[in-house]
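Trainee: need coordinates for the below:
(one chain, ligands or ions: 2)
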Amino acid sequence: MNLSKIKEKISNFKVEVPSWGFGRSGTRFHAFHIPGEARNIYEKIDDAAFVNKITDAVSAVAIHIPWDKVEDYKALKDYAEEKGTKIGAVNPNYFQDEDYLFGSLSNSDKKIRRKAIEQTFECIEIMRQTDSKILSMWIPDGSNYPGQIDFKRSFDLLEDSLKQITKELDEDMTMLLEYKFFEPAFYSTLLCDWGTSYMLSKELGDKVKVLIDLGHHPQGTNIEYIVSILSYKGKLGGFHFNSRKYADDDLTVGSIDPYELFLIFVELNKYFDLSSENQDISLVLDQSHNVKPKIPAVVQSLNNLQITYAKSLLVDYDQLKQAQEKHDVIVAEEILKDAYEKDVRDILREVRKEKGLPENPVKFVRKSDEYWEVVKRRG
Ligand code: PSV
Ligand code: MN
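Mentor: Ligands and ions are numbered 1, 2, ... in the order given. Model prediction:
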């Protein structure tokens, strides 16, 4: 790919930012107050819009319900648009309601399961009002002790709930099934891995696909392989970007294993044009910036993603194929390493300069008066 094409692709590459990445978040030990954090969905949209103003890399704002509940969703949509952004994936929350102690969509208590289904219908209605096309489902249901549930019965109930929900989706809506191998269920989780999500998405039809969150695998899992196989089967629908050292740490994307992230992008590029507005995959940051200031943390994350995407575009995919055909293992690996080891920061600087953006947004945001005014205003 020539340099101008690479620059064009980097320029058009955009990712959804999570509303929850701007608000207060923490660990299960404590959520510290960080100066400047957003206090409601309107402030979160303001922050996303500000990040977009200095990066031009934000495609939309993903929302979490009920965290981002408002009276008037049409007004919320208009507000986002006025600010130059829009509402992205809608994430129903099945992990904080007291009624969900023993499960939500798989609960054996009819009333509670109905409540979880109705709550999801409400989210679909929010999607209609905000013009969102992605229902992003992470279902924490499972069990904490051996013997607590009958696996098959719980799975059946979940499948039945999901069938009812799928029927409710409009033609142009997609439901994503995010898996996670443990937590908060520490013994068994119903949607614990990509195979289980894939199996259900196959059962549920074309409107249902799988979402990969980078923090949701056991140590050592080859995530790029999962990306490749799910994409090949047309079932990879979404991504949650973050990074992990131990478990689901929600660290800054690219901060722990940037080479792994690069290899993931290499696979994504084989199936998707990530720079296209109409791509068939939802790319979303999913991080909680425990001790970092929120706005700079999101800018830093987007910068990491842009760097990785740029490197992945430098791979000579034709040569890689040839080397693979010849079983030239050393050359194949060198092709990847050659792209990965290139310093792409100058390319990024040029792209930003051409768009009239700060050439180093991470540095810029820390010095920006607009940012410090936000911090001051919010106390
Ligand atoms: C669960 O760990 C998860 O990755 C899901 O995507 C949630 O919606 C998100 O984190 C926010 O807590
Ligand atoms: Mn996630």
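Trainee: other SSEs contacting the helix or strand that residue 377 is a member of?
Mentor: Using DSSP states H and E, residue 377 sits in helix 369-378. For helix 369-378, the packing partners by 3 or more Cβ pairs under 8 Å, 6 or more residues apart in numbering; DSSP states H and E come out as helix 41-55, helix 294-313. Quick note: C-beta positions are derived from backbone N, CA and C, even for glycine.
Trainee: okay, angle between the first one and helix 369-378 too, please.
Mentor: Computed with axes from the mean of the first three to the mean of the last three Cα atoms, to 10 degrees, the direction of helix 41-55 lies at 160 degrees from that of helix 369-378.
Trainee: for helix 41-55, what is the average pLDDT?
Mentor: For helix 41-55, mean pLDDT is 98.
Trainee: so what's the residue count around the closest residue in space to residue 207 that isn't next to it in sequence?
Mentor: Spatial nearest neighbour of residue 207, chain neighbours left out: residue 169 (5.3 Å); criterion: Cβ to Cβ, 6 or more residues apart in numbering. Residue neighbour count, defined by other Cβ atoms under 10 Å, stands at 18 for residue 169.
Trainee: list the contacts of residue 169.
Mentor: 124, 135, 175, 207 (Cβ atoms under 8 Å, 6 or more residues apart in numbering).
Trainee: among those residues, which are in helices?
Mentor: Of the contacts of residue 169, the ones assigned to helices by DSSP state H are residue 124.
Trainee: of all the contacts of residue 169, which two lie farthest apart?
Mentor: With Cβ to Cβ as the measure, no two of the contacts of residue 169 lie farther apart than 124 and 207, at 11.4 Å.
Trainee: next one: the residue nearest to residue 207 from residue 115, what distance?
Mentor: 19 Å (Cβ to Cβ, to the nearest Å).
Trainee: could you check which helix or strand contains residue 336?
Mentor: Here residue 336 is assigned to helix 329-340, by DSSP H and E.
Trainee: next structured bit after that helix?
Mentor: helix 345-354.
Trainee: state the mean pLDDT of the following helix or strand past that following helix.
Mentor: With elements assigned by DSSP H and E, the helix or strand that comes after helix 345-354 is helix 361-367. For helix 361-367, mean pLDDT rounds to 97.
Trainee: just checking, residue 208 touches residue 197?
Mentor: No: using Cβ atoms under 8 Å, residue 208 is not in contact with residue 197; the gap is 9.0 Å.
Trainee: may I have stretch 319-337 as CSV, with CA atoms only?
Mentor: What follows is stretch 319-337, C-alpha atoms only, in CSV (Å, rounded to 0.1, in the frame of the first residue of the first chain):
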residue,chain,number,x,y,z
GLN,A,319,4.6,-11.1,0.4
LEU,A,320,3.4,-12.6,3.6
LYS,A,321,1.1,-14.9,1.7
GLN,A,322,3.9,-15.9,-0.6
ALA,A,323,6.2,-16.7,2.3
GLN,A,324,3.5,-18.8,3.9
GLU,A,325,2.9,-20.7,0.6
LYS,A,326,6.7,-21.4,0.5
HIS,A,327,6.7,-22.4,4.2
ASP,A,328,9.4,-19.7,4.6
VAL,A,329,8.8,-19.3,8.3
ILE,A,330,11.6,-16.9,8.9
VAL,A,331,10.7,-14.5,6.1
ALA,A,332,7.0,-14.6,7.1
GLU,A,333,7.8,-13.6,10.6
GLU,A,334,10.3,-11.0,9.5
ILE,A,335,7.6,-9.4,7.3
LEU,A,336,5.4,-8.9,10.4
LYS,A,337,8.3,-7.7,12.6
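Trainee: by contact count, what packs against the longest strand anywhere in the chain?
Mentor: Identified as the longest strand of the chain according to DSSP state E is strand 58-65. Secondary-structure packing of strand 58-65 (3+ Cβ pairs under 8 Å, 6+ apart): strand 15-18, helix 41-55, strand 87-92, helix 110-130.
Trainee: swap the cut-off to 10 Å and go again
Mentor: strand 15-18, helix 41-55, helix 73-82, strand 87-92, helix 110-130, strand 134-138, strand 282-285 (3 or more Cβ pairs under 10 Å, 6 or more residues apart in numbering; DSSP states H and E).
Trainee: the residue in the stretch 1-150 of the chain positioned nearest to ligand 2: what's it in contact with?
Mentor: Closest to ligand 2 within the stretch 1-150 of the chain is residue 138: 5.8 Å, counting by Cβ to the ion. By Cβ atoms under 10 Å, 6 or more residues apart in numbering, residue 138 lies in contact with 64, 91-95, 176-180, 191, 211, 213, 216, 240, 286.
Trainee: quick one, which of these are buried?
Mentor: Among the contacts of residue 138, the ones that count as buried by 16 or more other Cβ atoms under 10 Å are 64, 91-94, 176-180, 191, 211, 213, 216, 240, 286.
Trainee: rewinding a little: restricting to C-alpha, output the longest strand of the chain in CSV.
Mentor: Coordinates of each C-alpha in strand 58-65 appear next as CSV, following Å, rounded to 0.1, in the frame of the first residue of the first chain:
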residue,chain,number,x,y,z
VAL,A,58,-14.2,9.2,17.6
SER,A,59,-17.0,7.5,15.7
ALA,A,60,-19.7,7.6,18.4
VAL,A,61,-20.3,7.3,22.1
ALA,A,62,-21.3,3.8,23.5
ILE,A,63,-23.9,4.0,26.3
HIS,A,64,-24.7,1.8,29.2
ILE,A,65,-28.2,1.5,30.5
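Trainee: that's all I had, so thanks and see you.
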